[in-house]
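Q: For reference, the sequence and a predicted model appear below.
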Amino acid sequence: MPTDPEPEQPRAYEPAPSVGKLFLFVLAFVVFAVIVVGGGVILVAG
């Protein structure tokens, strides 16, 4: 559909905000996974 009403479409060439959000999401996911795995290991080992 050539008539895209989304105003963010013309700024699609700008990767900075998208990459930043993706990096923050991945970082949060990694931290959460480390906390969960670390807590599980501590519970099992303790």
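A: Received the coordinates, thanks. Everything numeric in this text was worked out from a predicted model, so none of it was measured.
Q: Can you get me a residue count around Val34?
A: 10 (other CB atoms under 10 Å). For the C-beta atoms, the positions are set from N, CA and C on the backbone; glycine is no exception.
Q: just Val19 next, same as before
A: A total of 10 residues lie near Val19 under the criterion other CB under 10 Å.
Q: check which helix or strand covers it.
A: Per DSSP states H and E: Val19 is located in helix 16-45.
Q: Could you list every helix and strand in contact with that helix?
A: Applying 3 or more CB pairs under 8 Å, 6 or more residues apart in numbering; DSSP states H and E, one finds that helix 16-45 contacts no other helix or strand.
Q: what does the model give Ala28 for pLDDT?
A: For Ala28, the pLDDT comes out at 97.
Q: again, but for Tyr13
A: On the pLDDT scale, Tyr13 gets 56.
Q: just the one 10 residues further on next, same as before
A: You'll see Phe23 listed with a pLDDT of 93.
Q: likewise Gly46?
A: Value listed for Gly46 in the pLDDT field: 79.
Q: mind starting the numbering at 58 from now?
A: Right, with 58 as the first residue, what we last looked at is Gly103.
Q: Could you give the number of residues near it?
A: Going by other CB under 10 Å, the residues that sit close to Gly103 add up to 5.
Q: now do Gly77
A: Neighbours of Gly77 (other CB under 10 Å): 10.
Q: same thing with Phe82?
A: 10.
Q: same check, this time on Val87
A: When counting by other CB under 10 Å, one arrives at 10 neighbours for Val87.
Q: Kindly report the same for Ala85.
A: 10.
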